[in-house]
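>>> sequence plus predicted model, see below.
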Amino acid sequence: MRHTIAVSILALYLGVASGCGASRPSKYYQLTIPGNASSITETRPYPVTLLLGPITSSGLYRGDRIVYTSDGHGIGTYEYQRWVDPPTEMIQDVLSRELRTSGRYRSVSSWSSNARGDYRLRGKLYDFKEVSGATLVCRVTIELELRDTKTGATVWTHFYTHDEPVSGKEVPAVVEALDRNVLRGASEFMASLDQYFSTHLPPNTTASQ
């Protein structure tokens with residue numbers, strides 16, 4: 001009897017140890033960073049120096065977990081499916097690349113650098129998640145604002161929200177949908193910002209504080 005109990009305990013211990021040793025590996029994903037523009041039609045960029053500030057958000061999107069929800073009720077995160085960087089940082093990288101390769105601005109620098117600029121561009125991320133319901137979609141909601149560094153006034157804002165359909169039920173399909181959504185939003189932001197400067201650019205704009 002004692003021998004049987006000892007063998008059972010040993011078998012249980014080995015089973016637990018084996019499970020701990022064979023932990024499931026995590027998979028990491030990242031957003032597409034736009035490449036160099038194939039052709040730039042604007043030969044004379046706006047005489048504007050932009051400072052790109054941080055994208056703020058709740059703690060949920062400052063981590064590396066991929067977020068999901070069901071019709072907006074209850075939020076969860078995937079344990080083994082993660083981003084290489086927090087969504088706020090990846091989106092900032094996408095915007096930075098889009099602004100630089102557009103050829104529309106004299107220069108684009110990070111807000112945290114020592115560069116001086118005419119305007120500060122920053123944003124807030126509200127949604128960056130998988131939403132399940134009648135159909136599976138990926139929702140991105142973000143707002144950007146442009147502030148004049150001389151006056152401190154907010155001169156432009158743009159709110160973007162979109163549900164991008166997901167082509168499959170696996171996490172890679174979710175990542176692809178979020179990626180498409182971010183690039184779509186970045187394109188919309190660039191067009192809106194370009195429209196603002198085409199009609200509101202002050203004369204003799206020079207880099208300020």
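Cool, the structure landed. Numbering: from 1, shown residues only.
>>> tell me which residue is most central in the chain.
Nearest to the geometric centre of the chain sits residue 91, at 2.9 Å (Cα atoms, centre = their mean).
>>> for residue 66, give me its contacts.
Listed by Cβ atoms under 8 Å, 6 or more residues apart in numbering, the contact set of residue 66 reads 29, 77, 78, 81, 82, 83, 130, 171, 174, 175. For the C-beta atoms, the positions are set from N, CA and C on the backbone; glycine is no exception.
>>> should've said residue 201
Neighbours of residue 201 in contact, by Cβ under 8 Å, 6+ apart: 46, 47, 48.
>>> residue 85 and residue 194, how far apart?
Distance of residue 85 to residue 194, computed by Cβ to Cβ, to the nearest Å: 27 Å.
>>> I'd say the residue nearest to the centre of the chain and residue 182 touch.
Yes - using Cβ atoms under 8 Å, residue 91 is in contact with residue 182, at 6.0 Å.
>>> so residue 45 touches residue 101, yeah?
No - checked against Cβ under 8 Å, the pair residue 45 and residue 101 is beyond contact range at 11.8 Å.
>>> all helices for this structure, in order.
When secondary structure is read from DSSP state H, the chain shows helices at 2-21, 87-102, 171-200.
>>> by mean pLDDT, show me the worst of these.
The minimum mean pLDDT among these belongs to helix 2-21 (a mean of 37).
>>> check residue 35 and give its pLDDT.
71.
>>> could you tell me how many residues sit around it?
8 (other Cβ atoms under 10 Å).
>>> got the contact list for residue 146?
By Cβ under 8 Å, 6+ apart, the neighbours of residue 146 are 119, 120, 121, 154, 155, 156, 157, 193, 196.
>>> quickly list what it is bridged to.
Beta-bridge pairing of residue 146, defined through DSSP bridges, involves residue 121, residue 156.
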